[in-house]
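After the sequence you'll find the predicted model.
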Amino acid sequence: MTAAGIPVDMGGDDLYVNTIYWGSTAPNQLNQVGPVGLAFNLEDVNFNATNTDNAVTITLPGNIERYSINSIRLNNASASISTATVGVFTGAGGTGQTIAANQAITVTSAATDTNNNTQSLTLTNGNTEAYNDATLQLLLTSLS
């Protein structure tokens, strides 16, 4: 996990939740506090272990209480992971608020500089919803 927007690659399959914004509680005022965005990584996800949750811990700086998510990326797969589906939720087992609904994974290559070696998930309410959950769940299911 990093807090400077720069992921640290420890190998394996990674999930990136990039650019978390926050604002002031003062009326009619939006303040940028600290870095423009934060990145949270979930590394070494086993995409063969379907019907499993993988927790992403969200640690916000200082007195920041809410965040919004503008992208979630799958990256650095060790092989094709296109036989699974993935969703991101605020609760385990696909419960709570849906951040990214279950969707097919299109990552079919592990090679650098190759098409389909990364994927940006489609967010459900990326421009209209903020969260205060300290843990998000990446739910893997099989494509069947």
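That came in fine, so what should we check first? Residues are numbered from 1 along each chain as shown.

how many neighbours does residue 131 have?
For residue 131, the neighbour count with other Cβ atoms under 10 Å is 17. Where C-beta positions appear, they are placed from N, C-alpha and C, glycine not excepted.

Give me the distance between it and residue 123.
According to Cβ to Cβ, to the nearest Å, residue 131 stands 12 Å off from residue 123.

Need the overlap of contacts for the two.
Counting by Cβ atoms under 8 Å, 6 or more residues apart in numbering, the shared contacts of residue 131 and residue 123 are 69, 99.

For the protein, give me the ranges with low pLDDT.
1-37, 143-144 (pLDDT under 70).

That one: strands as residue ranges?
14-21, 40-43, 52-57, 68-75, 84-89, 98-104, 118-120, 135-142 (DSSP state E).

Next, the buried residues of the last one.
When burial is assessed from 16 or more other Cβ atoms under 10 Å, strand 135-142 yields the following buried residues: 136, 137, 138, 139, 140.
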